[in-house]
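>>> Take this sequence and fold it.
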Amino acid sequence: MRPAPTAEERRATPALDVRLAAVEDLGVVQGILAEAATWLASKGIDQWPAAGFREAGTLRRIRQGSVYLAYAAGEPVATITLDTWADPELWKGASDDAGYVHRLAVRRPWAGRGIGAALLDWAGQRVAASGGRWLRLDCMRDNQPLHDYYLRLGFEHIRTIELRHRPSGSLFQRGAPSVRNGNDE
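Predicted coordinates for the structure are as follows:
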């Protein structure tokens, strides 16, 4: 395990090599997701299952070609799922010109270095390159710090949907080619 970054390292976003996850990467992806779920639970945030996600679901997404691993200095530091699946409970009537981010997680020793923002920029560029207009995501309705994070990164809050059986329901989107410095590519 990598030691916590120095103050100087924490200021710089590392160069990322984003690769499609393979079936052999299932344990790495699950490990990153479980680490994030444990951290969220320790903060009292009920965004993800405290025990992590079911292996079968992650494996299915890997086989569909929508799960990616981000590497820095040769080490897997984050995962993101990017696809065109609009959750029908949340994105009713959504246009088909969007990409959807799911399960974005950064390993704790690498947190605070802009990796999440860089992965969202990467995702937006992929969506734009495939002809999509929007990068969309959803998160917990009551996680205001996460809402603020997405707003700082140029996302617009579209609406909040109240569903009794799930905590997620705050919907965000930004133009697919948008990057965090505000310039379109």
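
>>> Would it be right to say that residue 81 lies in a strand?
Yes. Secondary structure of residue 81 (DSSP: H, G, I helix; E, B strand; the rest coil): part of a strand.

>>> Could you tell me how many residues sit around it?
Neighbours of residue 81 under the rule other Cβ atoms under 10 Å: 22. Bear in mind the C-beta positions are built from the backbone N, C-alpha and C, glycine included.

>>> Low-confidence bits of the chain, can you list those?
1-11, 167, 178-185 (pLDDT under 70).

>>> all helices for it, in order.
Using DSSP state H, the helices of the chain run over residues 7-11, 26-42, 55-64, 115-129, 144-152.

>>> Distance from the longest one to the middle of the chain?
Read that as helix 26-42. Offset of helix 26-42 from its chain centre (Cα atoms, centre = their mean, to the nearest Å): 13 Å.

>>> residue contacts, the residue nearest to residue 123 when sequence neighbours are not counted?
Sequence neighbours aside, residue 82 is the residue nearest to residue 123 in space, at 4.9 Å (criterion: Cβ to Cβ, 6 or more residues apart in numbering). Residue 82 is in contact with 66, 68, 99, 100, 101, 102, 123, 126, 127, counting by Cβ atoms under 8 Å, 6 or more residues apart in numbering.

>>> Name only those of these that count as buried.
66, 68, 99, 100, 101, 123, 126, 127 (16 or more other Cβ atoms under 10 Å).

>>> and which of the residues you listed is nearest residue 148?
residue 101 (17.0 Å; Cβ to Cβ).

>>> surely the closest one meets residue 134?
No. With contact defined as Cβ atoms under 8 Å, residue 101 does not reach residue 134; the gap is 10.9 Å.

>>> residues in contact with stretch 17-25?
Under Cβ under 8 Å, 6+ apart, the answer for stretch 17-25 is 28-29, 59, 62-63, 65, 67-72, 76, 79-80, 119, 122.

>>> show me what contacts residue 127?
Residue 127 is in contact with 82, 98, 99, 133, 134, 135, 176, counting by Cβ under 8 Å, 6+ apart.

>>> List the contacts of the nearest residue to it once chain neighbours are set aside.
Spatially, and ignoring its direct neighbours in sequence, residue 127 is nearest to residue 99 (3.4 Å; Cβ to Cβ, 6+ apart). Counting by Cβ under 8 Å, 6+ apart, residue 99 touches 82-84, 123-124, 126-127, 130, 132, 134-136, 176.

>>> mind redoing it with 10 Å?
With contact set as Cβ atoms under 10 Å, 6 or more residues apart in numbering, residue 99 has these partners: 66, 82-86, 123-124, 126-128, 130, 132-137, 176.
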